[in-house]
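Participant: got a sequence here, can you build the structure:
(chains A and B)
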Amino acid sequence: MKMHTDILENQPVETKRDALIQGDQTLESVTSKVSSIVFEWNKHPRIWYVSLLVAFAFLGVLTVGVAWLFYKGVGVWGINIPVGWGLAIVNFEWWMAIGQSLLLLSAGLLLMRQQWRKSISRILESTAIFAVMCAGIFPILHLGRPWVFYWLMPMGPNILGLWPQFRSPLVWDVFAMSTFMVVAILYWYMGLIPDIACLRDRTKNPTVRVLTGVLALGWRGSARHWRRYQTAYNIVAGLCVALTISAYSFVSFDFAMSIIPGWHSTFLPVFYVAGAIFEGVAIALTIIIPLRAWYGLQSFITDVHIDWLAKYLLGSNMVVVYGYFTEVFYSWYGGDKYDKLVLRNQMFGHYAPLFWIMIACNVIAPLILWSPRLRRNISIVFIVAMFVNLGMWLERFISLITSLSRSYIPSTWGIYTPSIWEIAVFIGSIGLFLFLMCLFVRFIPLMSLTELKTLLTSDERGKNNSP
Amino acid sequence: MKTESYQNSIYGIVAEFADQEKLIAATEKAKDWGYTRMDAFTPYPVEGLDALMGFREPFLPWLAFFGGIFGAIAGFGLQYWTSVIDYPQNVGGKPNNSWQAFLPVTVETTILFAALAVILGMLVSNGFPHPWHPIFNAPDFERMSTDRFFLCVEARDPLFDLEDTRHFLESADALHVSEVYDESETNENEDIFPARSEI
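Facilitator: Sure thing, here's the model as predicted:
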């Protein structure tokens, strides 16, 4: 036993390359690196200003799209009978999946004591909250009368004395989403409290000191406070895991509870949650790879982190591919002719090109990452992640639209084409996301200082901590 | 007279350490010495420190549990009351109390109230918001959140003695040892902010 540890200790090169924090870092250097991104606002790279400009342009598109929609009504969208749910619901699902799975990743990895989570948890949580904010605008816009959206909440009976219809999956969604927002923001803010206290102690600007002083709630790092804080943090992480899995299952109930062929299946929630994780990991890579390059975070978000995320992408990819096979098997083995029709329509019908692009993006493209050499090439990982983002959006589109466009009776068949106003709102939601990300990078510590310092001083610092 | 008022308002004696090992060693020593009223202030949670100071937290998990039970009852109760008692409606022949369909909302409210209970419970039991505390008077305390570790033996400790406690902490490998008072010294304030007539 003793000899083994000696051998391990005599391999400094190996340990160094796989260390989760690279370079000669101290508590002071970690703190100043992270806080300088917030304090030295005039030193942001030019790309930050470009992103902000693009975000404003897209937000302009959102404003115009929403204004026209409110003026004319949902008729300006391409939705009609039989396809009453169009791009708005596709986008809702797509953004919702990102939010749920990123919070699930952050909280789940905490419970599994994954050390590599520590430098990316803040990015994951913030992205999750912003994505669900983007998701939230779609169901409200989709309402015929968006100004009475609060009737969805049981805030007292409406003018006819009616309450929300609690047997409807759409009302379950309202509860799932609002619970998610409250719990995710509190969890995120809890993680921020010690970091805000750090900004409070380091700032030289009196206004910032007052502001951070209020937000830090008077945090003083007391050992008793840390104990309660960690207990609460772990409990909330556990609740977040239950919350995200349940909330996205309830999103899939919108479809699974209906009797439309292709949707009506007990398998759908599992398939949707697996797809969400797949998509969430891809989005995490899409966000993290540029951020770490632009802000020089390579010593904290190392190639090991990217490698782990790529492996998670592969793992969730296998579940998703299994899901595709199961769907085919169900239709064949179940013998329901309407189910078979939906499947045939997906593969060879009007929307078939989208289906085969989706297969290329979701099934074929991630296979590249099985090669360790290609997996460690950051550009290739980024490109694969972009393919998966597209593929998962197409998957939501296909599963939603094909089932609605070919229902039971040929007289109810129809083709759906998104109108320019639907596309405008989708582009606008990307602008909203980008805008929130710009604000996040500017005002909030990009990485959790608490977690980084725990990692820095723990024994696991030099180890490639693997499950 | 002055010394007396200081004696009354002294909060404790604070030692500053460069790393967590020295802080843990000092805390162990203080515990063996018999000090009971002390607290440590660290930039990140230091494992085992709370146990050394005899602090346990059995309360918060139960708070989450009862918060969850409250949420479950409230969530199901809301649906039962609106659908069965206040405005029963026949929707597709389903029973008024369609309890299976009420479960998703019940799950969400359970999680919501469990999380709210544990987070608010943490904030309240920590006494937050608590913008000011005597320990902020300790010299160098702004480095607490960056890279310094503080141990404070509070004046309410039965063994507390200005001289002895100071000597004890100085012998524990501290960078600095300083007395911390409950209020900032008025004399100093007058120096920094001259009287209005002088401006």
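Participant: every contact and neighbour count from this point should use C-alpha atoms.
Facilitator: OK.
Participant: where is the longest strand in chain B?
Facilitator: strand B:10-17 (DSSP state E).
Participant: enumerate every residue touching residue 152.
Facilitator: No chain was given, so I picked chain A. Residues counted as contacts of A:Leu152 (CA atoms under 8 Å, 6 or more residues apart in numbering or on different chains) are A:Pro164, A:Val171, A:Val174.
Participant: wrong one, chain B
Facilitator: Neighbouring residues of B:Cys152 by CA under 8 Å, 6+ apart: B:Gly12, B:Ile13, B:Val14, B:Ala15, B:Met38, B:Asp39, B:Ala40.
Participant: what comes up buried for stretch B:151-161?
Facilitator: The neighbour-count check on stretch B:151-161 (16 or more other CA atoms under 10 Å in any protein chain shown) flags B:Leu151, B:Cys152, B:Val153, B:Glu154, B:Ala155, B:Leu159, B:Phe160, B:Asp161 as buried.
Participant: let's have those residues in TSV, adding secondary structure.
Facilitator: Formatted as TSV, the buried residues of stretch B:151-161 follow (DSSP: H, G, I helix; E, B strand; the rest coil):
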residue	secondary structure
B:Leu151	strand
B:Cys152	strand
B:Val153	strand
B:Glu154	strand
B:Ala155	coil
B:Leu159	coil
B:Phe160	coil
B:Asp161	coil
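Participant: could you measure from the most centrally placed residue in chain B over to A:Arg228?
Facilitator: Geometric centre of chain B, nearest residue: B:Asn126, 3.2 Å, by CA atoms, centre = their mean. Separation of B:Asn126 from A:Arg228 (CA to CA, to the nearest Å) stands at 8 Å.
Participant: tell me which helix or strand of the chain sits lowest on mean pLDDT?
Facilitator: Just so you know, I chose chain A. Every helix and strand in chain A was compared by mean pLDDT, DSSP states H and E; the lowest is helix A:2-9, with a mean of 41.
Participant: tell me the contacts of the residue in the stretch 351-467 of chain A positioned nearest to chain B?
Facilitator: The nearest approach of the stretch 351-467 of chain A to chain B comes at A:Thr450, 5.2 Å away (CA to the nearest CA). Listed by CA under 8 Å, 6+ apart, the contact partners of A:Thr450 are A:Pro194, A:Asp195, B:Pro43, B:Tyr44, B:Pro45.
Participant: tell me how chain B divides into domains.
Facilitator: Chain B breaks down into these domains under automatic domain parsing: B:2-57+B:134-198, B:59-125.
Participant: let's have the ones you listed in JSON lines, adding distance to A:Gly213.
Facilitator: Converted to JSON lines, these look like this (distance: least, CA to CA, whole Å):
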{"stretch": "domain B:2-57+B:134-198", "distance to A:Gly213": "12"}
{"stretch": "domain B:59-125", "distance to A:Gly213": "15"}
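Participant: so which of those is the most surrounded?
Facilitator: Most buried of these by mean neighbour count (mean count of other CA atoms under 10 Å in any protein chain shown) is domain B:59-125; its value is a mean of 19.
Participant: so how far does that one reach from one end to the other?
Facilitator: End-to-end span of domain B:59-125 (CA to CA): 10 Å.
Participant: cool, and stretch A:212-224?
Facilitator: From its first residue to its last, stretch A:212-224 covers 22 Å (CA to CA).
Participant: show me how far it is from its chain's centre.
Facilitator: Offset of stretch A:212-224 from its chain centre (CA atoms, centre = their mean, to the nearest Å): 29 Å.
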